[in-house]
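Colleague: I'd like to go over a predicted model; first the sequence, then the structure.
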Amino acid sequence: MATQNRAGGRNRILVPGAEQAMEKFKYEVANELGIDYNGDLGNLTSRQNGYVGGIMVKKMIADYQSKASGQPYSQQQIVENQQQV
């Protein structure tokens, strides 16, 4: 499942070969949020898609901060904190 980008869109994979990993990550995050992403052909709302993308970004930032600081973090904490808002 390759990521499909619109011509001229901002959402480009910057690291060659990362497409499958990012696609898998998207499905994992959607699953954690209870969103059925399997077979989505435009059936999800913009809000649902944005929510998945937002959590993906938060997890990537938390991962980078964790590595930079040497302190572990729980990815589940990000989802739980987001659901409480």
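Modeller: Yep, that arrived. Numbers count the residues shown, from 1 in each chain.

Colleague: per-residue pLDDT, the residue nearest in space to the middle of the chain?
Modeller: The chain has Met56 as the residue nearest its centroid, 2.7 Å off, counting by Cα atoms, centre = their mean. Looking at Met56, its pLDDT reads 92.

Colleague: Surely it is in contact with Glu28?
Modeller: No. Using Cβ atoms under 8 Å as the test, Met56 is too far from Glu28 to be in contact (9.1 Å). The C-beta positions use only the backbone N, C-alpha and C, and glycine is treated the same way.

Colleague: quick one: the helix ranked longest in the chain to chain centroid distance?
Modeller: Longest helix in the chain, counting residues (DSSP state H): helix 46-69. Distance, stretch centre to chain centre, for helix 46-69: 6 Å (Cα atoms, centre = their mean, to the nearest Å).

Colleague: Buried by neighbour count: which residues of it qualify?
Modeller: Under the neighbour-count criterion of 16 or more other Cβ atoms under 10 Å, helix 46-69 has Gln48, Asn49, Tyr51, Val52, Ile55, Met56, Lys58, Lys59 buried.

Colleague: Packing partners of it?
Modeller: Packing contacts for helix 46-69, counted by 3 or more Cβ pairs under 8 Å, 6 or more residues apart in numbering; DSSP states H and E, involve helix 19-32, helix 75-84.
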